[in-house]
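K.L.:
Fold the following, please.
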Amino acid sequence: MTAAAAFGSGRASAVLRDQFLGALDAADELLLRDLATHLRSCTNILPSTTCVLLGLPAGSTYAVGARAVIERKP
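P.N.:
Got it, this is the predicted structure:
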């Protein structure tokens, strides 16, 4: 599944989600923001440690995490 296909489907591919988590771990803000734009409608649940890192409640979706990344100051 391409990132474009994943964008509108509600569920993103595991590859895209893993890239997002990797960019977050690496503090690669440019890549992270780019990937976040493709996850704005993803209904998959973020790992709990990622929720903590982003200051989100446990059980938040990648869409919520993506919005948090997009809305924070660079």
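
K.L.:
Pull the number of nearby residues for the closest residue to Pro57 other than its chain neighbours.
P.N.:
The spatially closest residue to Pro57, leaving aside those adjacent along the chain, is Cys51, at 6.5 Å (C-beta to C-beta, 6 or more residues apart in numbering). To be clear about C-beta, it is placed using only N, CA and C from the backbone, and glycine gets the same treatment. Under the neighbour criterion other C-beta atoms under 10 Å, Cys51 is assigned a count of 19.

K.L.:
Kindly report the same for Leu24.
P.N.:
Other residues close to Leu24 by other C-beta under 10 Å number 20.

K.L.:
list the contacts for it?
P.N.:
Leu24 makes contact with Leu32, Thr50, Leu53, Leu54, Val69 under the criterion C-beta atoms under 8 Å, 6 or more residues apart in numbering.

K.L.:
Model confidence for the last one, exactly?
P.N.:
This points to Val69. On the pLDDT scale, Val69 is placed at 97.

K.L.:
What helices and strands are in contact with the helix or strand hosting it?
P.N.:
Assigning secondary structure by DSSP states H and E places Val69 in helix 62-71. Counting by 3 or more C-beta pairs under 8 Å, 6 or more residues apart in numbering; DSSP states H and E, the packing neighbours recorded for helix 62-71 are helix 14-25, helix 29-38, helix 48-54.
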